[in-house]
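> The following comprises the amino acid sequence and a computationally predicted model.
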Amino acid sequence: MSDVAKDAADLNDMILEDARSPFDGLDDDHLSALLLPSLNSEYQLATIRRMLHRNKQEEKALEKEMEDLGRSARSGCQQSADEWGNQFYNSIYLGAAHSMAAVGMLAPLTEAIFQHAFHELRRRSRPDELPSSHARWGLPLTDSQWDCHFTCANGERAENTNVIEGILQLSEATDLLPHLPSDFPQVLRASSSTETRCFIAGSSGLSKTAKSSRNESRSGQSIGSARQKRWQSMDLLSHR
């Protein structure tokens, strides 16, 4: 190879190397350290998982106690029947409290992860690297482009904050959305709406739930089925 050809090849390699994304070839742990330098998400997730496991064990222990009371009640013990009724309502409120605690920890953490990641991407990205066709990039070159607390349309930022839709819009604008789980938008919206409904409904909503669930139990439906579905959804979200 001539010196001219070698110099051209070296120059091409340098151009290609410079054009590579700084995130190419990094595993999840390194990407997390790079994009979330000020957020200890690993330790927060570990704490949340321990809490979910502890709460799940507490509910299983209560279910076991109710099964024992149910057998005793069916054998004719009125005291066990009365205690089973008390524990039934206890299980409804306990499950609701655990759900609120889980969503109350998972939803803010999820939002914080995206907020920190988008902020770091804005710092590391060049304007010519961004998809030019998305409405998000029609905003002026300010932090508003990467602020997931807002959405935008027709080149203007919305007046009201909406962090859930802002996360989804930025995920779409950066071509991240196709790489997320297919049900991620539904899970993200559901976690936010569930958190809001729980705090708004309060004890009134729980009382209606308890009465409805007890009627289902009397009709022969499993009292643990709804709880099992809830824990499955919490486990799924905490591992994402």
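Yep, that arrived. Because the structure is predicted, anything quoted here is derived from the model rather than measured.
> can you list the weak-confidence ranges in this protein?
Within the chain, the ranges that satisfy pLDDT under 70 run 1-25, 127-128, 131-132, 141-142, 193-240.
> Strands of that one, residue ranges please.
For the chain, applying DSSP state E gives strands covering 152-153, 156-157.
> the longest helix in the protein is where?
If you go by DSSP state H, the chain has its longest helix at helix 78-124.
> Which strands or helices does that one pack on?
Under the contact criterion of 3 or more C-beta pairs under 8 Å, 6 or more residues apart in numbering; DSSP states H and E, helix 78-124 touches helix 28-35, helix 41-74, helix 163-173, helix 184-218, helix 225-238. From N, CA and C alone the C-beta is placed, and that goes for glycine too.
> Swap in 6 Å and give it another go.
With contacts defined as 3 or more C-beta pairs under 6 Å, 6 or more residues apart in numbering; DSSP states H and E, the packing partners of helix 78-124 are helix 41-74, helix 163-173, helix 184-218, helix 225-238.
> Could you figure out how far that helix is turned away from helix 41-74?
If you take axes from the mean of the first three to the mean of the last three C-alpha atoms, to 10 degrees, helix 78-124 sits at 170 degrees to helix 41-74.
> Could you give the number of residues near Lys60?
13 (other C-beta atoms under 10 Å).
> The chain should start at 46 in everything you say after this.
Got it, first residue is 46 now, which makes that one Lys105.
> Could you count how many residues lie near the spatially closest residue to Cys193 that is not a sequence neighbour?
Spatial nearest neighbour of Cys193, chain neighbours left out: Gly211 (4.0 Å); criterion: C-beta to C-beta, 6 or more residues apart in numbering. Neighbour count for Gly211, taken as other C-beta under 10 Å: 24.
> wait, Gly211 sits on Asp192?
No - contact status for Gly211 versus Asp192: not in contact, 7.2 Å apart, counting by C-beta atoms under 6 Å.
> before we move on, back to that, right, so of the strands of the chain, which gets closest to Arg181?
Proximity to Arg181 (C-beta to C-beta) singles out strand 197-198 among the strands of the chain, at 5.6 Å.
> Alright, I will stop here.
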